[in-house]
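Peer 1: 3D model of this:
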Amino acid sequence: MTSLDFMQQLVDQDVHEIDGNNRSPVIDEINRELGLPIGSPYCAATVSHCFRKAAAGNRAACVPFPYSGGSQALKHAFAALGRLSDDPNDLLSWCGALGGWTDSNDPAHGHVFFVKGRSTDDSGNVVGLITLEANTSPQTQDRDGEGMYELHRTIASLNARHPDYWFLKTDGVCGGEWWNASL
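Peer 2: Just a heads-up that it's a prediction; the model follows:
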C-alpha cells in the first residue's frame with residue numbers, strides 16, 4: 001500500500017476532532033508517534049504517519065521520508081533533495097506528490113497535504129487538484145480545521161489565497177508513488 005492509501009483510510013474513517021482542538025484518539029496517537037505534544041497541529045504529522053506505515057511494508061530500495069510534525073520542515077527537507085517545485089504542471093510527469101503552502105504572514109507555518117489527483121484544461125495545464133488533507137475543513141479549506149477530508153482545489157484559488165504554494169515530488173520515496181507517469 002502507498003502512503004496515499006493509508007491517508008484515504010483515515011479520510012474514509014471520518015477522523016474528526018472530538019476531544020478539543022487538534023484532539024481525538026486517532027489524532028493524539030499520530031502526534032504521539034512523532035513525539036509531538038497532544039493538541040499539536042497535525043497536517044504534517046498525519047502525512048508522516050502515512051509514509052511511515054507505507055515504508056513498514058515496503059522492502060524496495062527507496063528514499064526515506066523525512067518524518068516531521070511541521071509542514072515547513074517537510075518543504076525544506078524535500079528542497080534539499082531537489083524535490084520542491086512551485087509549478088503545478090510538474091505534477092503531470094511525477095508519480096506522486098504532496099502539496100502545501102507557506103503562510104504569507106508567518107513563514108514558519110503553513111500546511112501540507114496529499115495530492116490524490118490533478119485535472120487539466122484544454123491546453124494540458126494543471127488547473128485543479130483532488131487532495132486528502134488533515135487538520136482542515138471543507139468550509140474554509142484552510143489550515144487548522146477540524147478533521148481529515150478529501151477536497152477539490154483549483155490552482156487559481158490556491159494562488160489567490162495562498163500565493164506561496166508548492167509541491168513535493170514523492171517519486172522514489174518509500175510509499176510515495178501512486179500515479180502512472182503517463183496520466
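Peer 1: list the helices and strands the host helix or strand of E29 packs on?
Peer 2: Per DSSP states H and E: E29 is located in helix 25-33. Packing contacts for helix 25-33, counted by 3 or more CB pairs under 8 Å, 6 or more residues apart in numbering; DSSP states H and E, involve helix 43-56. (Each C-beta comes from the backbone N, C-alpha and C, glycine too.)
Peer 1: what are the ranges of the helices in this structure?
Peer 2: Along the chain, the segments classed as helices by DSSP state H run 3-12, 25-33, 43-56, 71-80, 155-161.
Peer 1: any idea which of those is most buried?
Peer 2: helix 43-56 (a mean of 24; mean count of other CB atoms under 10 Å).
Peer 1: what is that one packed up against?
Peer 2: helix 3-12, helix 25-33, helix 71-80, strand 110-120, strand 126-136.
Peer 1: can you put the helices of the chain in CSV and add distance to W101 and mean pLDDT?
Peer 2: Formatted as CSV, the helices of the chain follow (distance: least, CB to CB, whole Å; pLDDT from 0 to 100):
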stretch, distance to W101, mean pLDDT
helix 3-12, 18, 97
helix 25-33, 21, 97
helix 43-56, 11, 96
helix 71-80, 8, 97
helix 155-161, 7, 95
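Peer 1: now distance to D19 too, for those helices, in a markdown table please.
Peer 2: As requested, these are exported to a markdown table (distance: least, CB to CB, whole Å):
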| stretch | distance to D19 |
| --- | --- |
| helix 3-12 | 17 |
| helix 25-33 | 8 |
| helix 43-56 | 16 |
| helix 71-80 | 23 |
| helix 155-161 | 29 |
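Peer 1: can you say which of the ones you listed is nearest to L98?
Peer 2: helix 43-56 (6.4 Å; CB to CB).
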